[in-house]
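Peer 1: Here you go, sequence then predicted model.
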Amino acid sequence: MNNDLNNILSIIALLNISVPKESIYIKIQNIKLQKEKAQKIKLALLEEFESLDLINYQTNHFKFSEKDKEKIKTLIPLIKKENIEIYNFINKLLQNTKIDNLKNLILNFPYITIKYHSASYDPSISGTYNGKTKEIHIYNRDNKVSLHHELLHASSADIRFMNIGFKIVLKNGLIFGKGLNEGYTELLNNRFFNYTSTSYNYLQKLAKQIENLCTDKENMIEYYFNADIFSLISELMPKISLKEIIDILVDMDMLLYNENKSYLEYLKIKEKIRFIQNKNKVKKLLVKSKKP
């Protein structure tokens, strides 16, 4: 048995806490396996992304022409007849973001179905969105917070691929950016609809820190609605290395699955981002001091 485990068991014995040795050993082994898995994912992603010219990466996101915008305006009343909930959602969205950011929602709209259920098989799940079938499942009809969260997923889902917001599925099958995606989705949900939801609480806070690293938060909103994590990475790279970005985002993915039990992991990621923020502040001050 390793020294770390012996130390933990000794402390528990001193505190007179009755916990089976086997359960602690299993928990430590699970943490170790998670860390090993995260490290493998980080190395695979670094290899995958290093082949891309991310520093000069730019996507020409679709922009609605004035003619397109007029077409959308005539389309919205038709949406009202088809689905009043999506119509109300669109109107609120337009109060908070550009019409250009509605592209994916407009493309996905004909295929979106919303299904309500009296209860979930898992009490922790209040809603889901399936990027393939475009189905939204809500487990409480009155839960508008969950409905709008899932509609934000539908609004940021690229109809051609399985990319949703900042979550992407790579060729090698790896799923990347899901932690950031859930945190940022709920951050926008609270911001746009004046909610005070604490769902994905740690991830919301970390997503806000990453947003603060962007030149303009509107840029990150645009990348989100265009399912374009690569443009986000490109914007961050002058301030943070690709290795650091992957390290933080994979840790956020891992945090997603253990959020209720991972306050220390949250603090570690928070401090990583804060260190980068402080480093960039020092750089700016040095540049200013060198100016005549």
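Peer 2: Perfect, thanks for sending it.
Peer 1: ranges for the helices of the stretch 101-250 of the chain?
Peer 2: With DSSP state H, counting those that start in this stretch as the definition, the stretch 101-250 of the chain shows helices at residue ranges 103-108, 144-155, 178-193, 201-213, 217-225, 229-236, 242-256.
Peer 1: Low-confidence regions, the stretch 151-292 of the chain specifically.
Peer 2: Applying pLDDT under 70 to the stretch 151-292 of the chain picks out residues 259-261, 283-292.
Peer 1: can we see that at 80?
Peer 2: Scanning the stretch 151-292 of the chain for pLDDT under 80 picks out the ranges 160-161, 171-173, 258-262, 280-292.
Peer 1: before we move on, the earlier item: in JSON lines, list the helices of the stretch 101-250 of the chain along with distance to Leu43.
Peer 2: Every residue, glycine included, has its C-beta placed from N, CA and C. Converted to JSON lines, the helices of the stretch 101-250 of the chain look like this (distance: least, C-beta to C-beta, whole Å):
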{"stretch": "helix 103-108", "distance to Leu43": "32"}
{"stretch": "helix 144-155", "distance to Leu43": "29"}
{"stretch": "helix 178-193", "distance to Leu43": "18"}
{"stretch": "helix 201-213", "distance to Leu43": "22"}
{"stretch": "helix 217-225", "distance to Leu43": "25"}
{"stretch": "helix 229-236", "distance to Leu43": "17"}
{"stretch": "helix 242-256", "distance to Leu43": "9"}
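Peer 1: what's the closest of the ones you listed to Lys42?
Peer 2: Counting by C-beta to C-beta, Lys42 lies closest to helix 242-256 out of these; the figure is 5.1 Å.
Peer 1: The closest one - contacts with which helices or strands?
Peer 2: Applying 3 or more C-beta pairs under 8 Å, 6 or more residues apart in numbering; DSSP states H and E, one finds that helix 242-256 contacts helix 21-50, strand 175-176, helix 178-193, helix 201-213, helix 229-236, helix 263-290.
Peer 1: The fifth one: how far from the chain's middle?
Peer 2: With C-alpha atoms, centre = their mean, to the nearest Å as the basis, the distance from the averaged C-alpha position of helix 229-236 to the chain average is 14 Å.
Peer 1: ok, and what's touching it?
Peer 2: Under the criterion C-beta atoms under 8 Å, 6 or more residues apart in numbering, residues 49, 52, 54-59, 163, 166-168, 176-177, 180, 210, 213-215, 219-220, 223, 242, 245 lie in contact with helix 229-236.
Peer 1: what about burial for the residues you listed, which qualify?
Peer 2: For those, a burial check counting by 16 or more other C-beta atoms under 10 Å picks out 49, 54, 57, 163, 166-168, 176-177, 180, 210, 213-214, 220, 223, 242, 245.
Peer 1: returning to that earlier point: what's the closest of the helices and strands packed on helix 242-256 to Ile136?
Peer 2: Short answer: helix 178-193, nearest of these by C-beta to C-beta, at 13.2 Å.
Peer 1: In the closest one, which residues are buried?
Peer 2: 178-190, 192-193.
Peer 1: For stretch 187-201, measure first residue to last.
Peer 2: 9 Å (C-alpha to C-alpha, to the nearest Å).
Peer 1: What is the distance between that stretch and the centre of its chain?
Peer 2: Averaged C-alpha coordinates place stretch 187-201 at 13 Å from its chain's average position (C-alpha atoms, centre = their mean).
Peer 1: Which residues does that stretch contact?
Peer 2: Contacts of stretch 187-201 (C-beta under 8 Å, 6+ apart): 92-93, 95-97, 126, 144-145, 148-149, 152, 182-183, 185-186, 204, 207-208, 211, 221, 224, 256, 259.
Peer 1: filter these to the buried ones?
Peer 2: By neighbour count, with 16+ other C-beta under 10 Å, these hold 93, 97, 126, 144-145, 148-149, 152, 182-183, 185-186, 204, 207, 211, 221, 224, 256, 259 as buried.
Peer 1: show me the residues around the most centrally placed residue in the chain that make contact.
Peer 2: What sits nearest the mean C-alpha location of the chain, by C-alpha atoms, centre = their mean, is Asn181, with 1.4 Å. Going by C-beta under 8 Å, 6+ apart, Asn181 touches Ile164, Gly165, Phe166, Lys167.
Peer 1: Let's see which of these end up in strands.
Peer 2: Among the contacts of Asn181, no member is found in strands (DSSP state E).
Peer 1: now, which of those residues sits nearest Ile276?
Peer 2: In terms of C-beta to C-beta, no member of the contacts of Asn181 lies closer to Ile276 than Phe166, at 18.0 Å.
Peer 1: dump the residue contacts of that closest one.
Peer 2: Residues counted as contacts of Phe166 (C-beta under 8 Å, 6+ apart) are Gly177, Leu180, Asn181, Tyr184, Tyr223, Tyr224, Ala227, Ile229, Leu232.
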